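# What would the 3D arrangement of this be:
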Amino acid sequence: MPLLSRTLLIAAAFCLVTAPAWAGKVPYQPEELESESKLIVSGKVESFEKKVTANQDGSKTATITLKIAVDKVHKGDAKAGDVIEATAWRVVKMPRPGIILWDSGNDFIPAVGVKAKFFLEGNTNNVWPIMWPNGVLGLDNKVAVLSLPVEPTIAAPADAPAGNAAAQDEGWFT
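Here you go, the predicted model:
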């Protein structure tokens with residue numbers, strides 16, 4: 001095998017071995033959000049419900065259902081004054097070590113009282129899935145994000161002192 005081919009093969013193997021432990025869905029371009037959404041609305045989050053599901057890989061996923069008071073319809077069949085439900089999701093516990101996490105969910109999930117523009121997929125049972133990862137744009141200057149802390153992947157020992165690396169959350173997101 002020529003030296004250049006062998007070098008390229010070794011470099012490719014190194015890249016595969018040292019690849020990050022997770023990968024994510026590429027965010028939509030603005031024109032893709034516009035064209036692929038079935039409904040686009042601007043409105044204020046009135047309330048939310050959170051349901052956490054444990055997964056076989058050791059991870060946990062939170063499904064968030066937002067109630068949104070619609071101020072303006074940019075695309076689709078809704079009208080100002082409607083209250084719609086939209087769902088987002090986020091990983092709230094990373095999988096056990098050695099498992100690849102392919103995505104972590106919606107990048108931005110607004111808190112109650114926040115005005116945002118929502119890019120929504122097809123309606124299922126009167127609930128609209130939010131396009132992920134980037135199907136929400138904040139409209140307020142001070143945007144509050146729904147707090148979804150990430151649980152540690154591996155529990156810290158009970159006797160680990162505060163500030164010790166072993167006591168820190170091993171999740172990759174805050």
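
# and the gap between the closest residue to Leu120 other than its chain neighbours and Pro149?
Closest residue to Leu120 apart from its sequence neighbours, by CB to CB, 6 or more residues apart in numbering: Trp128 at 3.9 Å. Every C-beta, even on glycine, is put in place using the N, C-alpha and C of the backbone. Note on Trp128: its distance to Pro149, by CB to CB, to the nearest Å, is 26 Å.

# What ranges in this structure fall below the confidence cut-off?
Within the chain, the ranges that satisfy pLDDT under 70 run 1-23, 142, 154-174.

# Make sure I have this right: Phe48 is in a helix.
No - counting by DSSP: H, G, I helix; E, B strand; the rest coil, one finds Phe48 to be strand, located in no helix.

# what's across from it in the sheet?
Here Phe48 sits in beta bridges with Leu66, as judged by DSSP bridges.

# re the thing from before, neighbour-wise, which of Trp128 and Pro149 wins?
With neighbours defined as other CB atoms under 10 Å, Trp128 and Pro149 compare such that Trp128 has more, 25 against 11.

# Doesn't the more buried one belong to a helix?
No - per three-state DSSP, Trp128 lies outside any helix segment and is strand.

# list the contacts for it?
Taking CB atoms under 8 Å, 6 or more residues apart in numbering, we find Trp128 in contact with 38-39, 84-87, 118, 120-122.

# All set, thanks.
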